[in-house]
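Undergrad: Return atomic coordinates for the entry below.
(one chain, ligands or ions: 2)
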Amino acid sequence: MKSPAGHHFDQVSATLEAHGPVILPALLLCDFGHLAREVERLEAAGATALHLDVMDGRFVPQLTYGPVVVEAVRRAAKVPLEVHLMVEEPERTLADYAQLGADILTVHVEALADPRRALEVISSLGPRAHLALSPDTPVDRIEPYLDACDGVLVMSVEPGYGGQRFNPVAIGKLARLAELRSRSGAAFRLGVDGGIGPETVAAVAAAGAELIVAGSAVIRSHDYAQAITELETIARSAA
Ligand code: DX5
Ligand code: ZN
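TA: Ligands and ions are numbered 1, 2, ... in the order given. Got it, this is the predicted structure:
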């Protein structure tokens, strides 16, 4: 079965796979009083896709938003949406996010009793299935599931808050995953999330990151277009 997101699928392929590393702005620190305007501004600034941080106050200390807000973003946005689920028992809400039109569903290996099953469920619902790992989680923990992943999200900060300092442990993990991918012939996309800015983006792109999430570096800038363009330019020349 395909979700209503199914019609985005070609666009997701075109936008997320065609042109080397891209920046996905994270909405976490945006002005939620003017959510549709923020989405519009980010799209006008050239965002290829948007990254939405769902936090439940349990898997991580902070509580952000759930399906109602993601659905509002879906209505406002034309670009693909990555929904990053930082929640306990994410299995319980996968169908909701697929149904409302998430294009990528990213789940944490640390939160899953059966990662392979969760990835298969996501794929069967329509969205792309991405697996995230926190800074303390070794690549070995996700290696058995790589064949079931459309993408891997390497966290370069402890999940839970925007604006934290980049943890360089992510660089070695990205490089290792890129190597595992080329050795196995698997086709998953490599993502990175946390502490990305002009000083850190070259290193992650050089290590293989393609879907690069940037929250504060974009949202706290005065000019979204300039911030996205600067990060993308640095990433592409380093890749
Ligand atoms: C952290 C979130 C990130 C966050 C990134 O828990 O998963 O997506 O919004 O924000 P920056 O880029 O400010 O680290
Ligand atoms: Zn995130």
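
Undergrad: Which residue comes closest to the closest residue to ligand 1 within the chain once chain neighbours are left out?
TA: Of all residues in the chain, residue 215 sits closest to ligand 1, at 2.5 Å by Cβ to the nearest ligand atom. To be clear about C-beta, it is placed using only N, CA and C from the backbone, and glycine gets the same treatment. Residue nearest to residue 215 in three dimensions, not counting chain neighbours: residue 26, with 3.6 Å by Cβ to Cβ, 6 or more residues apart in numbering.

Undergrad: what's around that neighbour, how many residues?
TA: Residue 26 is surrounded by 25 other residues when neighbours are defined as other Cβ atoms under 10 Å.

Undergrad: same question, residue 204
TA: If we define neighbours as other Cβ under 10 Å, then residue 204 has 29 of them.

Undergrad: would you say it is within a helix?
TA: Yes. Assigned with DSSP: H, G, I helix; E, B strand; the rest coil, residue 204 falls within a helix.

Undergrad: For the chain, which segments are assigned as helices?
TA: Listed in chain order, the helices of the chain (DSSP state H) span 9-17, 35-44, 67-76, 94-100, 115-125, 169-184, 201-206, 216-219, 224-238.

Undergrad: Spell out which parts of the protein neighbour ligand 1.
TA: If contact is defined as Cβ under 6 Å from any ligand atom, the residues of the chain in contact with ligand 1 are 26, 28, 51, 53, 84, 157, 159-164, 193-196, 213-217.

Undergrad: Low-confidence stretches in this structure?
TA: 1-11, 14-16, 18-19 (pLDDT under 70).

Undergrad: Show me what residue of this protein gets nearest to ligand 2.
TA: In the chain, no residue comes nearer to ligand 2 than residue 84, which is 3.8 Å away by Cβ to the ion.
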